[in-house]
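>>> this one's structure only:
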């Protein structure tokens, strides 16, 4: 079984040539946005389960190293370094390069490329309530910025699979904390 809960951040970098195994068209978007096949299937099932197919859209998915580098540099030029460091991951440190991360937006509102609108609607509450049962986590919650080193992003979701998503929610852990816990226990039993 494939491990979808691996950690990607500024201290756990991907190789610049990392490429997901099987990318497919993301559901609920008219744009060409690719994601890992397992994410696409689970996201589609989740959104149909909550009857959100007319309210939720995918605004971003897989980005290779070069796209992330361009986005990072463009954001510095347009928004400044401080904003960019808070909201845009550096190349090799972006979950989007895994194909297992999506940014979600809402229909009928303007969705910014870096910070789409995904708050303050009943459908968002339904999504947040059910997402862990389909293997998703809110990757950068407001109360965990000290752990993630990324500002609150209510639109950014990561597929980690079940039961990982359910355990993280139950313990109120972000992926950094879960990874630390799993590394500790696997190290204890490997010796």
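Received it, and whenever you're ready, just let me know what you need. Everything numeric here is computed off the predicted structure, so don't read it as measured data. Residues are numbered from 1 along each chain as shown.
>>> just give me the neighbour total for residue 70.
When neighbours are defined as other Cβ atoms under 10 Å, residue 70 has 12 of them. (Each C-beta comes from the backbone N, C-alpha and C, glycine too.)
>>> try residue 135
Residue 135: 26 surrounding residues under other Cβ under 10 Å.
>>> wait, doesn't it sit right on residue 162?
Yes - with contacts counted by Cβ atoms under 8 Å, residue 135 reaches residue 162, the gap being 4.9 Å.
>>> which secondary structure state does residue 103 sit in?
At residue 103 the chain is in strand, as set by DSSP: H, G, I helix; E, B strand; the rest coil.
>>> which residues does it form a beta bridge with?
residue 60, residue 156 (DSSP bridges).
>>> which residue sits closest to residue 35, ignoring its sequence neighbours?
Spatial nearest neighbour of residue 35, excluding adjacent residues (Cβ to Cβ, 6 or more residues apart in numbering): residue 61 at 4.1 Å.
>>> quick check, pLDDT for the one you found.
At residue 61, the pLDDT value in this model is 97.
>>> same thing with residue 30?
Per-residue confidence (pLDDT) for residue 30: 89.
>>> and it, how close does it get to residue 41?
Separation of residue 30 from residue 41 (Cβ to Cβ, to the nearest Å): 19 Å.
>>> compare those two (neighbour count), which wins?
Neighbour count, other Cβ under 10 Å: between residue 30 and residue 41, residue 41 has more, with 16 against 7.
>>> what about that one, which helix or strand?
helix 37-49 (DSSP states H and E).
>>> gap between that helix and the chain center?
Helix 37-49 sits 14 Å away from the centroid of its parent chain (Cα atoms, centre = their mean, to the nearest Å).
>>> so what touches that helix?
Helix 37-49 is contacted from outside by 2, 4, 22-28, 35, 53, 56, 58, 61, 99-100, 102, 127, 130-131, 133-136, 159, 161, using Cβ atoms under 8 Å, 6 or more residues apart in numbering.
>>> of those residues, which belong to helices?
Among those, the members falling in helices (DSSP state H) are 127, 130.
>>> going through the contacts of helix 37-49, which ones are buried?
Using 16 or more other Cβ atoms under 10 Å as the burial test, those include 4, 23-24, 26-28, 35, 56, 58, 61, 99-100, 102, 127, 131, 134-136, 159, 161 as buried.
>>> just the strands in this protein please.
Assigned by DSSP state E, the chain shows strands spanning 23-25, 34-36, 56-60, 101-106, 136-140, 153-159.
>>> could I get the ones you listed as TSV with distance to residue 80?
TSV is the format used below for the strands of the chain (distance: least, Cβ to Cβ, whole Å):
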stretch	distance to residue 80
strand 23-25	32
strand 34-36	29
strand 56-60	21
strand 101-106	21
strand 136-140	20
strand 153-159	18
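>>> looking at those, which is nearest to residue 81?
Among those, strand 153-159 comes nearest to residue 81, with 18.0 Å by Cβ to Cβ.
>>> can you pull the poorly scored residue ranges out of this structure?
Applying pLDDT under 70 to the chain flags the ranges 1, 185-191.
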